[in-house]
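Chemist: need a structure here:
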Amino acid sequence: MQMNSILIFIVFLALMYFMMVRPQQKAAKKHQEMLQQLQPGTEVVTIGGLHGVIDHSDEKTITLDADGVLLTFERSAIKNVVTPATAAPEATTTTVPVEEDKHTDQED
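Modeler: Model (predicted):
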């Protein structure tokens, strides 16, 4: 009977590990990788809810441009990436056909 209760306790601990601890470790690792890949031009959200574009970054801090205001944050204060930085911004041009004004003087 005592061996059975020890086995149940061990199974319960293993289940708790795989259901709670392991996913949290994976999420923390993914967040750390995301922080390491941040570069200027990336649109991010801080843990305080501030939206901005990374203007400059170094090992520990990031400077965000929020509508012309430059703010410096710890790198760990970045919650998630909204829009990744693009390597080279593509120039998009749209061709709109122009209709010529067919104004002719007709004499009756």
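Chemist: contacts, neighbours, all on C-alpha from now
Modeler: Noted.
Chemist: Not counting its neighbours along the chain, what's nearest the most centrally placed residue in the chain?
Modeler: By C-alpha atoms, centre = their mean, the chain has its centre lying nearest to Val81, at 0.9 Å. Leaving aside its chain neighbours, Val81 sits nearest to Val44 (4.4 Å; criterion: C-alpha to C-alpha, 6 or more residues apart in numbering).
Chemist: was I right about the one you found contacting Val53?
Modeler: Yes: between Val44 and Val53 there is a contact under C-alpha atoms under 8 Å: 6.1 Å.
Chemist: Have a look at these two and say which one is more surrounded.
Modeler: In terms of neighbours (other C-alpha atoms under 10 Å), Val53 is the more surrounded of Val44 and Val53; the figures are 25 against 21.
Chemist: and the residue nearest to Val81, how far is that from Thr86?
Modeler: Val44 sits at a distance of 14 Å from Thr86 (criterion: C-alpha to C-alpha, to the nearest Å).
Chemist: got the contact list for Leu35?
Modeler: By C-alpha atoms under 8 Å, 6 or more residues apart in numbering, the contact set of Leu35 is Arg75, Ser76, Ile78.
Chemist: low-confidence ranges in this structure?
Modeler: 1, 87-108 (pLDDT under 70).
Chemist: repeat that with 50
Modeler: Along the chain, segments meeting pLDDT under 50 span 88-89, 91-92.
Chemist: can you give me the strands for it?
Modeler: In the chain, the segments counted as strands under DSSP state E are 43-46, 51-57, 61-66, 69-74, 78-83.
Chemist: For the first one, buried residues please.
Modeler: The neighbour-count criterion (16 or more other C-alpha atoms under 10 Å) identifies Glu43, Val44, Val45, Thr46 as the buried residues of strand 43-46.
Chemist: ok, so of those, who is nearest Val11?
Modeler: Relative to Val11, the closest of these is Thr46; by C-alpha to C-alpha it sits at 39.0 Å.
Chemist: Which among the strands of the chain is found nearest to Leu7?
Modeler: strand 78-83 (40.3 Å).
Chemist: by how many degrees do that closest one and strand 61-66 diverge?
Modeler: 50 degrees (axes from the mean of the first three to the mean of the last three C-alpha atoms, to 10 degrees).
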